[in-house]
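Peer 1: just to be clear, the model below is a prediction. Sequence and coordinates:
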Amino acid sequence: MDPRQHELARIALQTVGRRGFVLGGGHAVVLHGMGTRPSEDVDLFSDVRGTPGEVADDVIAAFESAGHSVTVVRRSPDLVQLTVTYPDGYAAKVDLGVFWRSQSPVLLEVGPVLHPDDAVAGKMDALFNRWAPRDYLDIDAILGSGRYSQKQLITIATAQPRLRPDYVRRIPVVPTQDPRPRLHRLWNQREQDRRDACTLRRMGRRADQLTDVEVAVHTRGTNSHSVHQPTSCEATSD
């Protein structure tokens, strides 16, 4: 986890952890040892509707007391999106939202963190509802950790009220076709997906000598995840 994002999460959780907020999203997955992909946002979740809007002023005040400036990007009862800027210009996104949970959070050094089951349920939710390339990468990393099987992921996901079991079972947990045609379309998507599109392009190159990306995923035991990470988009351009 990026040190500054870690600091912002810690400041926020010291302020609203007692109100039931926990660290979720990609950071929760990484802190539970199921991936290394950098996350753009610091996601803080409550399981009670209306609380993000109620605690927003307290979180903003905590960041400002630490010497940071805060811009409110969006504010509603269930979702507050902030941009927190350090004095040197570094900026990070912090989101306060609502997410269903089935397990008690885990207390880590940063503060309360979404339980692993609920963290991966959130990633399955993202895969189902968003279909961004980074969601495939996250699920692949979770499977690669050996902590959950595909069957377990589907079982966990279908426990969520947001996901209907008949739809969840249709989700391809890993891409099974040559990704390169799709990557040409992905290349023009929003900037936050740029890094993940580059990673998928590298996966496509590996697939030239394999049957498909799923076979490449099965080689994860040879540390294939680190191989898949390009240093820049230019390094993998055709």
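Peer 2: Perfect, I can see it now.
Peer 1: which SS class is Lys93?
Peer 2: strand (DSSP: H, G, I helix; E, B strand; the rest coil).
Peer 1: what count of nearby residues applies to it?
Peer 2: In terms of burial, Lys93 registers 17 neighbours under the definition other C-beta atoms under 10 Å. For glycine as for every other residue, the C-beta is placed from the backbone atoms N, C-alpha and C.
Peer 1: point out where this protein drops to low pLDDT.
Peer 2: Residues of the chain that meet the criterion pLDDT under 70 lie in 160-238.
Peer 1: which stretches in it count as helices?
Peer 2: In the chain, the segments counted as helices under DSSP state H are 3-16, 25-31, 51-65, 116-129, 133-144, 150-158, 165-168, 180-186, 194-207, 213-217, 224-228.
Peer 1: tilt between the longest one and helix 3-16?
Peer 2: Spelled out, that is helix 51-65. Counting by axes from the mean of the first three to the mean of the last three C-alpha atoms, to 10 degrees, helix 51-65 lies at 120 degrees to helix 3-16.
Peer 1: convert the C-alpha atoms of helix 51-65 to PDB, please.
Peer 2: The C-alpha trace of helix 51-65 is given here as PDB (Å, rounded to 0.1, in the frame of the first residue of the first chain):
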ATOM      1  CA  THR A  51     -23.400   7.400   7.500                       C
ATOM      2  CA  PRO A  52     -20.900   8.500   4.800                       C
ATOM      3  CA  GLY A  53     -22.700  11.900   4.500                       C
ATOM      4  CA  GLU A  54     -23.000  12.100   8.300                       C
ATOM      5  CA  VAL A  55     -19.300  11.700   9.000                       C
ATOM      6  CA  ALA A  56     -17.900  13.600   6.000                       C
ATOM      7  CA  ASP A  57     -17.200  16.800   7.900                       C
ATOM      8  CA  ASP A  58     -15.300  14.900  10.600                       C
ATOM      9  CA  VAL A  59     -13.100  13.200   8.000                       C
ATOM     10  CA  ILE A  60     -12.400  16.400   6.200                       C
ATOM     11  CA  ALA A  61     -11.500  18.200   9.400                       C
ATOM     12  CA  ALA A  62      -9.100  15.300  10.300                       C
ATOM     13  CA  PHE A  63      -7.300  15.600   7.000                       C
ATOM     14  CA  GLU A  64      -7.100  19.400   7.300                       C
ATOM     15  CA  SER A  65      -5.700  19.100  10.800                       C
END
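Peer 1: show me what counts as buried in that helix.
Peer 2: Across helix 51-65, burial judged by 16 or more other C-beta atoms under 10 Å covers Thr51, Pro52, Val55, Ala56, Val59, Ile60, Ala62, Phe63.
Peer 1: how about these in CSV, adding distance to Val42?
Peer 2: Output for those, formatted as CSV (distance: C-beta to C-beta, whole Å):
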residue, distance to Val42
Thr51, 17
Pro52, 13
Val55, 15
Ala56, 14
Val59, 11
Ile60, 14
Ala62, 13
Phe63, 11
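Peer 1: Ile139: which of the residues you listed is nearest?
Peer 2: Ile139 lies nearest to Pro52 out of the buried residues of helix 51-65, by C-beta to C-beta, at 26.2 Å.
Peer 1: any idea how far that closest one lies from Arg10?
Peer 2: Here Pro52 is placed at a distance of 18 Å from Arg10 (C-beta to C-beta, to the nearest Å).
Peer 1: cool, and Val30?
Peer 2: Noted for Val30: a distance of 15 Å to Arg10, by C-beta to C-beta.
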